[in-house]
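**Student:** here are the coordinates; sequence isn't available:
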């Protein structure tokens, strides 16, 4: 499994207020999208998320987003290593993802940019 990078997940109350800070910090422009009622802004290594409290509560349980070359391969490797696949693989606006709980209890999102 090829890990290509990771994004830090940051839950914020007001996305529009948070974006300028993170754009200056990361030196880039926000790529905005919505998923399941949650507004998301990707800026450098940061994923800012804002939305309904119930959705944000779930998102806070995921430690980070890990970019991989192929989510299907990640699924196989994670399962072989004893991780619990909590959700996915499912399509996303830019590819696919899955959520996995590692044997130590940490929960991560794995994403690729391959269209299903």
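**Tutor:** It's in. Since the model is a prediction, treat every value here as computed from it, not as a measurement.

**Student:** tell me which residues form a beta bridge with residue 91?
**Tutor:** residue 96 (DSSP bridges).

**Student:** What degree of burial does it show, as a neighbour count?
**Tutor:** 11 (other CB atoms under 10 Å). For the C-beta atoms, the positions are set from N, CA and C on the backbone; glycine is no exception.

**Student:** repeat for residue 23
**Tutor:** 16.

**Student:** Strands along the protein, start to end?
**Tutor:** Assigned by DSSP state E, the strands in the chain fall at 3-11, 31-35, 38-43, 46-50, 64-68, 84-91, 96-101, 107-112.

**Student:** what pLDDT, on average, does the second one get?
**Tutor:** Across strand 31-35, the average pLDDT comes to 89.

**Student:** ditto for the first one
**Tutor:** Mean per-residue pLDDT for strand 3-11: 94.

**Student:** For the strands of the chain, give me a markdown table that also has distance to residue 78.
**Tutor:** Shown next, in a markdown table, are these (distance: least, CB to CB, whole Å):
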| stretch | distance to residue 78 |
| --- | --- |
| strand 3-11 | 12 |
| strand 31-35 | 22 |
| strand 38-43 | 23 |
| strand 46-50 | 20 |
| strand 64-68 | 10 |
| strand 84-91 | 7 |
| strand 96-101 | 5 |
| strand 107-112 | 7 |
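
**Student:** Would you single out the least confident of these?
**Tutor:** Among the strands of the chain, strand 31-35 scores lowest, at a mean of 89.

**Student:** So what touches that strand?
**Tutor:** 15, 39-43, 92-93 (CB atoms under 8 Å, 6 or more residues apart in numbering).

**Student:** Now tabulate the residues you listed in TSV and tack on neighbour count.
**Tutor:** Output for the contacts of strand 31-35, formatted as TSV (neighbours: other CB atoms under 10 Å):
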residue	neighbour count
15	18
39	16
40	20
41	22
42	19
43	23
92	18
93	9
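
**Student:** Of all pairs in these, which one spans the longest distance?
**Tutor:** In the contacts of strand 31-35, two members sit farther apart than any others by CB to CB. They are 15 and 92, at 18.3 Å.
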